[in-house]
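**Student:** sequence first, then the predicted structure:
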Number of protein chains: 2
Amino acid sequence: MFTPRPIGFVSSPYKDTKEIPKGLGVKHAAVGVLKILPEFGPGLVDVEGFSHLFVIWEFDRSHDFDLTAHPPSDNRTHGVFATRSPRRPNPIGLTVVELLHRDGCEIHVRGVDMLDGTPILDLKPYLSSVPEEKLRRGWLAEAEARRRQT
Amino acid sequence: MFTPRPIGFVSSPYKDTKEIPKGLGVKHAAVGVLKILPEFGPGLVDVEGFSHLFVIWEFDRSHDFDLTAHPPSDNRTHGVFATRSPRRPNPIGLTVVELLHRDGCEIHVRGVDMLDGTPILDLKPYLSSVPEEKLRRGWLAEAEARRRQT
């Protein structure tokens, strides 16, 4: 397989995983900067035309993995691929951010949930959404329903 | 950085990139199977509760990269990070698929745009969408508008 290389690093207000908001109904509104390495700068032309980007990144402070996970939003365990746990066979994270503005190789965004210094692997334009009415959200919807009942 | 490993492979009707529908307004409706390796099977528990999944995969038949790309949906070039070009610094693909059903380690899905045999790196639940009215789609929207005028 390929050898991953960072195309840049996240500048985030979060220095420790404990600071990152987690759990049911959490909104990620933190502002941060995607600092892309100058050698990749020409790859950013026209990204600012998109309101949202997918950021693919490395869970660089996660080591090893588990096949089950116990997410903070539920008191039950689930398969790791049904969760966003950092302890995954390939420690790859995915975040949708809102693009605020681009200043050369620095992309200012809202919605970071990564730690400061996180290596960025890729950026992609967010082109379309699945309509909300077509979404089923499995154990997460069940956990939300249980919380409403208590 | 980490060393990527396949967690499974895509079974797709597409054997050659020329067969994959491309361009403006294309809909990916092809049905395929995400064949996850048995050793990772326990990680799939509860994925079937989600209607949609993110599939993160390797462009394994793409070699080297360019910082600009000429997408099939436009006659202009753009920075590679503003496109879905396979020729990226890290050859990582991202596809949102609709989950049809899971049969053990085989996840039947609609919406594959990968080649047959593509290595899968990760699966994640699709939890929420950006509302369509909040999306700006940069050069893609401009290319669509130009097409309508001609």
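**Tutor:** Thanks, I have the structure now.

**Student:** list the beta-bridge partners for A:Asp122.
**Tutor:** A:Ile56 (DSSP bridges).

**Student:** same thing with A:Gly8?
**Tutor:** Beta-bridge partners, per DSSP bridges, of A:Gly8: A:Ile36, A:Ile120.

**Student:** likewise for A:Arg102?
**Tutor:** Assigned bridge partners for A:Arg102, using DSSP bridges, are A:Ile107.

**Student:** contacts for the helix or strand of chain A with the lowest mean pLDDT?
**Tutor:** None of the helices or strands of chain A scores lower by mean pLDDT, DSSP states H and E than helix A:138-149, at a mean of 89. By C-beta atoms under 8 Å, 6 or more residues apart in numbering or on different chains, the list of residues contacting helix A:138-149 from outside reads A:24-25, A:73-76, A:78, A:82, B:46-50, B:125, B:127. For every residue, glycine as well, the C-beta is placed using N, CA and C.

**Student:** and stretch A:19-28, how far from the chain's centre?
**Tutor:** Centroid separation for stretch A:19-28 versus its chain: 12 Å, with C-alpha atoms, centre = their mean, to the nearest Å.

**Student:** list the buried residues for the least confident helix or strand of chain A?
**Tutor:** By neighbour count on 16 or more other C-beta atoms under 10 Å in any protein chain shown, the buried set for helix A:138-149 is A:138-140, A:143.

**Student:** can I get the CA coordinates of it in PDB?
**Tutor:** The C-alpha trace of helix A:138-149 is given here as PDB (Å, rounded to 0.1, in the frame of the first residue of the first chain):
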ATOM      1  CA  GLY A 138     -28.700   3.100  14.200                       C
ATOM      2  CA  TRP A 139     -27.400   2.800  17.800                       C
ATOM      3  CA  LEU A 140     -26.900   6.600  18.000                       C
ATOM      4  CA  ALA A 141     -30.600   7.300  17.400                       C
ATOM      5  CA  GLU A 142     -31.400   4.500  20.000                       C
ATOM      6  CA  ALA A 143     -29.100   6.100  22.600                       C
ATOM      7  CA  GLU A 144     -30.700   9.500  22.000                       C
ATOM      8  CA  ALA A 145     -34.200   8.000  22.400                       C
ATOM      9  CA  ARG A 146     -33.200   6.300  25.700                       C
ATOM     10  CA  ARG A 147     -31.800   9.500  27.000                       C
ATOM     11  CA  ARG A 148     -35.100  11.300  26.200                       C
ATOM     12  CA  GLN A 149     -37.000   8.700  28.200                       C
END
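
**Student:** find the centremost residue of chain A, please.
**Tutor:** By C-alpha atoms, centre = their mean, chain A has its centre lying nearest to A:Thr95, at 2.5 Å.
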